[in-house]
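>>> Got a sequence here, can you model it:
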Amino acid sequence: MSFRDASTSIDGFPMIKPPWGRITAVDMNTGDIAWQVPHGEAPDNIRNHPLLDGRDIGRTGWPGRVGVLVTKNLIVAGESGFYTTEIGEAGAMLRAYDKATGEEVGAVYMTAPQSGSPMTYEVDGRQYIVLATSGGGRSGTLLAYALP
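Down below sits the predicted model:
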């Protein structure tokens, strides 16, 4: 879904109610939804729309699919679209969620959206998360984050 496609929007708003992207955890014993979170900040053209001036709409998520990294305690996933941060940088976030509750437990800025699934590895007792990013005219990049 393109947020700029006039045929599927009214006054610049998509005709589909948000969230436009979310992560859903399912209890595999019951089949019930354990939790859901909108995954991704609201796009700039929505957050900065004149009709929403002064309103905090929160996260809307982004359409599309992103690969997730699932560990014993965490779900890690990068956002699939650009937005402008509070300090004026265009990029996306890599977020970590508590696997049991869906609560965000950490986030780190990326210069472009996630374009490849995150993976993890360990070297000399130090754990790393690596993923590919690209888009918006930015070349593909592999990012590696060392965990504390």
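>>> Only C-alpha atoms from now on, for both contacts and neighbour counts.
Fine.
>>> Okay, now the sheet partners of the lowest-mean-pLDDT helix or strand in the chain, with direction.
Least confident helix or strand of the chain, by mean pLDDT, DSSP states H and E, is strand 9-10 with a mean of 77. Using DSSP bridges, strand 9-10 pairs in its sheet with strand 13-14 (antiparallel).
>>> who does whichever helix or strand comes after the strand it pairs with touch, helix- and strand-wise?
Beyond strand 13-14 on the C-terminal side, the first helix or strand identified by DSSP states H and E is strand 22-26. Packing contacts for strand 22-26, counted by 3 or more CA pairs under 8 Å, 6 or more residues apart in numbering; DSSP states H and E, involve strand 33-38.
>>> Report the rounded mean pLDDT for the very next helix or strand once past the strand it packs on.
As assigned by DSSP H and E, the chain's next helix or strand after strand 33-38 is helix 44-47. Taken as a whole, helix 44-47 has a mean pLDDT of 86.
>>> Repeat that for stretch 18-26.
92.
>>> Which positions in it come out as buried?
19-23, 25 (16 or more other CA atoms under 10 Å).
>>> Could you work out the most separated pair of these?
Spatially, the most separated pair among the buried residues of stretch 18-26 is 20 and 25, at 16.4 Å (CA to CA).
>>> Counting neighbours, what do you get for the nearest residue to residue 76 once chain neighbours are set aside?
Leaving aside its sequence neighbours, residue 76 sits nearest to residue 96 (CA to CA, 6 or more residues apart in numbering; 4.4 Å). Residue 96 sits with 22 neighbouring residues when counted by other CA atoms under 10 Å.
>>> And the most far-flung residue of the chain relative to its centre, how far from residue 41?
Distance from the C-alpha centroid of the chain, by CA atoms, centre = their mean, peaks at residue 124 (29.9 Å). As judged by CA to CA, to the nearest Å, residue 124 and residue 41 stand 35 Å apart.
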